[in-house]
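**Q** From the sequence below, what's the structure:
(3 chains)
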Amino acid sequence: MSISIQPVENYLDSLNHAQQQAVTATEGPVLVVAGPGSGKTRVLTYRIAHLIEKGVAPWNIMALTFTNKAAKEMQARIEKVVGPRANRVWAGTFHSIFARILRVEAQHIGYPSNFTIYDTEDTKSVIGTIINEMNLNKEQYNVNAIRSRISSCKSNLISPKLYQERAEFTQEDRQAKRPFVGQIYEKYTARCKRSGAMDFDDLLFRLYELLQNHPEVVEKYQQRFTYLLVDEFQDTNHLQYAIVRKFVSYDGSPRNICVVGDDAQSIYSFRGATIQNILDFEKDFKAHGIQTFKLEQNYRSTEHIVQAANQVISHNKRQIQKTIFSDKGEGQKIKVIKAMTDSEEGKRVADMILEQKNRHHLANKDIAVLYRTNAQSRVFEEYLRHYNIPYRVFGGMSFYQRKEVKDLIAYLRLAVNPHDEEALRRAINYPRRGIGNTTLDKISAAAAQADVTMWDVLTTVPTGARASGALHDFKSMIAQFGEKAKNDDAYEAAMSIARQSTLIDLLKQDTTVEGIQHLDNVTGLLDGIKSFVEDDVLDGGRETADSGWPTRPGEVEDREYPASHDKSLAAYLQNIALVTDLDQTDTTDDFVTLMSVHAAKGLEFKSIFVAGLEEQLFPSFMAMDTPEGLDEERRLFYVAITRAEQFLTLSYANSRYRYGQARFNSPSRFLDEISAANLDAETPIRNQAVATIGRPGRESPQNETRCSSGVRGNFKRPGPLQNVMRADPKTFKPNPSEQIQTGMKVLHLRFGEGKVLAIDGARDKRVATIFFQELEDEKQKRIMLKFAKLQIIG
DNA sequence: GAAGTGATGTTTTTT
DNA sequence: ACATCACTTC
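**A** Below is the predicted model:
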């Protein structure tokens, strides 16, 4: 392909007719319907470059994407055409761009500018706490269900107030036997606000409210963003479109808005995305001379693949008419692997990968295995590891979701915003400092009572003497961390917080295999913060670039928006809250990619494997009951096969383990939707394959230790710790607990001989701190005397 | 307070 | 199958 570096003058020459039109129609509303591989990103980037060439200031252009990756790629490609001033274009995800605006305008809506961003975990935890506090039944009030209901409310512009006013909702809830959902929603919203926190949906919803209620603010941004572009428009939800409209719909607006999308690739309706937006867009801007362009030539895939894709998608009724074609030649027919079991599927796919690498000289990074659910990755991992083929799994647990990483981040978050209750709950007794659930409940109740945060009442709530001391210590420690966060750069601050919170010490004490892994992860986090501080490349253009560029109104104003030069802890946290693993791919490494079909959207590979093509799985049993659900599954399949450039292999298994039990499914109906003319006739089921179904581990158990790229620790757990008898049960005679005093030597059935270092608490709440010589790692134990069986031996 | 046990739900996709 | 969570036991 000839994309890379185009001389500035003739970048238009490299485009086909439809693409050129889409690039040069800069004024007024434009809808670009772009099939897979049709050069959509190219059109978007050239369009922006073209605007800049025509004299539009980069900071007057806002380009909204769905993923950070897409935004980065766009920015990089604009830079190739127009140079470093590309950095001043407001290109980013909906969430990140809106967060940036909200930081500046926070005071208008009663938020601090360093507000915390709650991830899904935090959200669920808050909702869980509220359900607890309201004494509601956990089965009826399922946290996940409530969370998604609240989320979809926000996506549809329904505030808590509106929710409780509308009979349709209250009635529906009453029928579902959960009449308090509205109240939970209201409390949740209030609590987030009190904590100075926004969840993902709030980044959109709060911005909408801001633009709605503050004419002077909305005007400022309407004037600022004179050119608006939206990528993957089919995946926007109602709320996102409402915000976009706010920016461009006002009296005298030139309505320079360009949306690019493909209704056939809409795969996010489960989180509120709706193709209705495309239809509405045509309607909403009809009066303003909307221009529509269709990009129908596919430059990615060979003909068999494109034809198969067209056949599949033609089974969907409602769609924008278009004809995708390719002139890249017939290419290879599509192969189908029929396996007996999921394990055999894994083996056959790995075999085929090996064969393709040899026969067609493919690199690992030319190959991807796509599946419907992340849980399917395991069998492929097993066999790829067995064959020593490097691979990487995307999705599943992200780095930032790991417990030890979240633990440290909780402290960092507290340092920046001590009102962040989720961080407080996480950090307050880990490492242990004697602030148990009882104390926590008291604080929580007092905070709710006074309508303030837990931080506000931390040291004013009456508790036991011990807890009270611990709370004072904790509060002053966090306050001290807060000073560091304010004065030091992110790395210095994080480093000393990691040390002084004693989190690092705690991790170092754990010498098990996982323990070392945990410490590695935390070190990795700290390294990440370090490179955040040191990295001035990422957005450096803001400071130094384009000195020859004339100063315009707006340029000075631009400095109002926090950017790369902000190396504070607050800036770092803002950054990572909206980042996923996918965004930090090191493209120099050569590995096979394993990911869900959703995650693969927007990517392309020479060779694609789509696995698990079975009824109930793909299409998913969750979606296949309704026509709309099935259509979306089909679009998902369409996305999957159109990722392939030259080789496409589909696979399925007759039986597969789900929930620990073998299930039998028939081949996916989607397979029947591809004409036999595009399928490889010979699809041999080798007898020999059946004979070697056994797991690789069984054949050569030693092999596991050498796996080069083992990302997920398949290590054995070390079993119950120290479950060895250290004292002879026959001669063991425990003393009554009242007799135990500080300084005594005692014998414990399992822990052996120990010395009582201290005792705290009174009567039946006495807790002894005992030093056990014979224990390996954690020699000091705190033992509740009421239950402990200890024999005094001196 | 800590550790071990049994019950339960989870698995569709993600900013 | 696996992880999380309420519950029991020391």
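
**Q** Give me the most central residue, chain A.
**A** For chain A, the residue nearest the mean C-alpha position is residue A:580 (4.7 Å; Cα atoms, centre = their mean).

**Q** ok, for that one, nearest residue in space, not its chain neighbours?
**A** The shortest distance from residue A:580 to any residue that is not its chain neighbour, by Cβ to Cβ, 6 or more residues apart in numbering, is 6.1 Å, and that residue is residue A:398. Using the backbone N, CA and C atoms, a C-beta is placed for each residue, glycine as well.

**Q** how many neighbours does the residue of chain A found nearest DNA strand C have?
**A** Distance from DNA strand C to each residue of chain A (Cβ to the nearest atom of the strand) is smallest for residue A:660, at 2.8 Å. As a burial measure, the neighbour count of residue A:660 was computed by other Cβ atoms under 10 Å and equals 5.

**Q** Tell me, what's the model's pLDDT at it?
**A** Residue A:660 carries a pLDDT value of 78.

**Q** State the distance from it to DNA strand B.
**A** Taking Cβ to the nearest atom of the strand, to the nearest Å as the measure, residue A:660 and DNA strand B are separated by 8 Å.

**Q** Next: residue A:478.
**A** From residue A:478 to DNA strand B the distance is 20 Å (Cβ to the nearest atom of the strand).

**Q** can I assume that residue sits in a helix?
**A** Yes - note on residue A:478: a helix contains this position according to DSSP: H, G, I helix; E, B strand; the rest coil.

**Q** just the CA coordinates of the strand or helix carrying residue A:629, formatted as CSV?
**A** Secondary structure from DSSP states H and E places residue A:629 in helix A:627-641. Extracted C-alpha coordinates of helix A:627-641, given in CSV (Å, rounded to 0.1, in the frame of the first residue of the first chain):
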residue,chain,number,x,y,z
PRO,A,627,-34.4,-10.1,15.6
GLU,A,628,-32.5,-7.0,16.6
GLY,A,629,-30.1,-9.0,18.8
LEU,A,630,-29.5,-11.4,16.0
ASP,A,631,-28.9,-8.6,13.5
GLU,A,632,-26.3,-7.1,15.8
GLU,A,633,-24.6,-10.5,16.1
ARG,A,634,-24.5,-10.7,12.4
ARG,A,635,-23.0,-7.2,12.2
LEU,A,636,-20.4,-8.5,14.7
PHE,A,637,-19.6,-11.4,12.4
TYR,A,638,-19.4,-9.0,9.5
VAL,A,639,-16.9,-6.9,11.4
ALA,A,640,-14.9,-10.0,12.2
ILE,A,641,-14.5,-11.3,8.6
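
**Q** which strands and helices sit next to it?
**A** helix A:303-313, helix A:597-600, strand A:605-610, helix A:669-672 (3 or more Cβ pairs under 8 Å, 6 or more residues apart in numbering; DSSP states H and E).

**Q** what residues does that helix touch?
**A** The set of residues external to helix A:627-641 that reach it, using Cβ atoms under 8 Å, 6 or more residues apart in numbering, is A:36, A:264-267, A:269-270, A:305, A:308-309, A:312-313, A:315-318, A:334, A:370, A:372, A:597-598, A:600-601, A:608, A:610, A:618-620, A:622-624, A:648, A:650, A:668, A:670, A:673.

**Q** tell me, which of those make contact with DNA strand B?
**A** Checked against DNA strand B using Cβ under 7 Å from any atom of the strand, these give the following subset in range: A:267, A:270, A:372, A:598, A:620, A:622-623.

**Q** Of those, which is the most crowded?
**A** Comparing these by number of neighbours (other Cβ under 10 Å), residue A:372 comes first, having 23 neighbours.

**Q** Who are the contact partners of that one?
**A** Under the criterion of Cβ under 8 Å, 6+ apart, the contact partners of residue A:372 comprise A:596-597, A:612, A:617-618, A:620, A:636.

**Q** Could you do residue A:415 as well?
**A** Under the criterion of Cβ under 8 Å, 6+ apart, the contact list for residue A:415 reads A:478, A:481-482, A:484-485, A:493, A:497, A:569.

**Q** Same check on residue A:530?
**A** Contact criterion Cβ under 8 Å, 6+ apart gives residue A:491 as the residues in contact with residue A:530.

**Q** mind listing what's buried in the helix or strand harbouring residue A:532?
**A** Element membership for residue A:532, per DSSP H and E: helix A:513-534. By neighbour count, and taking 16 or more other Cβ atoms under 10 Å as the criterion, the buried residues in helix A:513-534 are A:515, A:518-519, A:521-522, A:525, A:528-530, A:532-533.

**Q** can you redo the residues you listed as CSV with pLDDT?
**A** Putting the buried residues of helix A:513-534 into CSV (pLDDT from 0 to 100) gives the following:
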residue, pLDDT
A:515, 79
A:518, 83
A:519, 87
A:521, 86
A:522, 90
A:525, 91
A:528, 90
A:529, 92
A:530, 92
A:532, 88
A:533, 88
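
**Q** Of the residues you listed, which is the nearest to DNA strand B?
**A** Out of the buried residues of helix A:513-534, the one with the shortest distance to DNA strand B is residue A:515. That distance is 13.6 Å, counting by Cβ to the nearest atom of the strand.

**Q** pretty sure that closest one contacts residue A:507?
**A** Yes - in this structure, residue A:515 is within contact of residue A:507 by Cβ atoms under 8 Å, at 6.9 Å.

**Q** Okay, now the unreliable bits of the stretch 551-700 of chain A?
**A** For the stretch 551-700 of chain A, the stretches with pLDDT under 70 are A:551-565, A:581-587, A:681-700.

**Q** actually chain A, not the one I typed
**A** Using pLDDT under 70, chain A drops low at A:1-9, A:535-565, A:581-587, A:681-732, A:750, A:761-765, A:775-779, A:782, A:784, A:786-787.

**Q** sorry, back to before: quick one, phi/psi of the residue of chain A closest to DNA strand C?
**A** Note on residue A:660: its backbone torsions stand at phi 80, psi 0 [degrees, to the nearest 10].

**Q** Neighbours of residue A:337, how many?
**A** Neighbouring residues of residue A:337 were enumerated by other Cβ under 10 Å; the total is 23.

**Q** can you check residue A:400 too?
**A** Residue A:400 has 18 neighbouring residues, counting by other Cβ under 10 Å.

**Q** got the contact list for it?
**A** A:119, A:406, A:409, A:576, A:579.

**Q** How much space separates it from DNA strand B?
**A** As defined by Cβ to the nearest atom of the strand, residue A:400 lies at a distance of 10 Å from DNA strand B.

**Q** quick one: secondary structure of that residue?
**A** Three-state assignment for residue A:400 (three-state DSSP): helix.

**Q** Output stretch A:568-585 as PDB, nothing but the C-alphas.
**A** Included here for stretch A:568-585 are C-alpha records, laid out as PDB according to Å, rounded to 0.1, in the frame of the first residue of the first chain:
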ATOM      1  CA  SER A 568       1.200  16.400  38.400                       C
ATOM      2  CA  LEU A 569      -0.200  13.300  40.000                       C
ATOM      3  CA  ALA A 570      -3.700  14.700  39.300                       C
ATOM      4  CA  ALA A 571      -2.800  14.900  35.600                       C
ATOM      5  CA  TYR A 572      -1.500  11.300  35.600                       C
ATOM      6  CA  LEU A 573      -4.600   9.900  37.200                       C
ATOM      7  CA  GLN A 574      -6.800  11.800  34.700                       C
ATOM      8  CA  ASN A 575      -4.800  10.200  32.000                       C
ATOM      9  CA  ILE A 576      -5.000   6.600  33.000                       C
ATOM     10  CA  ALA A 577      -8.700   6.600  34.000                       C
ATOM     11  CA  LEU A 578      -9.600   6.600  30.300                       C
ATOM     12  CA  VAL A 579      -6.900   4.300  29.000                       C
ATOM     13  CA  THR A 580      -7.200   0.600  28.200                       C
ATOM     14  CA  ASP A 581      -4.600  -2.100  27.600                       C
ATOM     15  CA  LEU A 582      -5.300  -1.900  23.900                       C
ATOM     16  CA  ASP A 583      -3.900   1.600  23.700                       C
ATOM     17  CA  GLN A 584      -0.400   0.800  24.700                       C
ATOM     18  CA  THR A 585       0.500  -1.800  22.200                       C
END
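
**Q** For that stretch, buried residues please.
**A** Judged by neighbour count (16+ other Cβ under 10 Å), stretch A:568-585 contains these buried residues: A:568-578, A:580-582.
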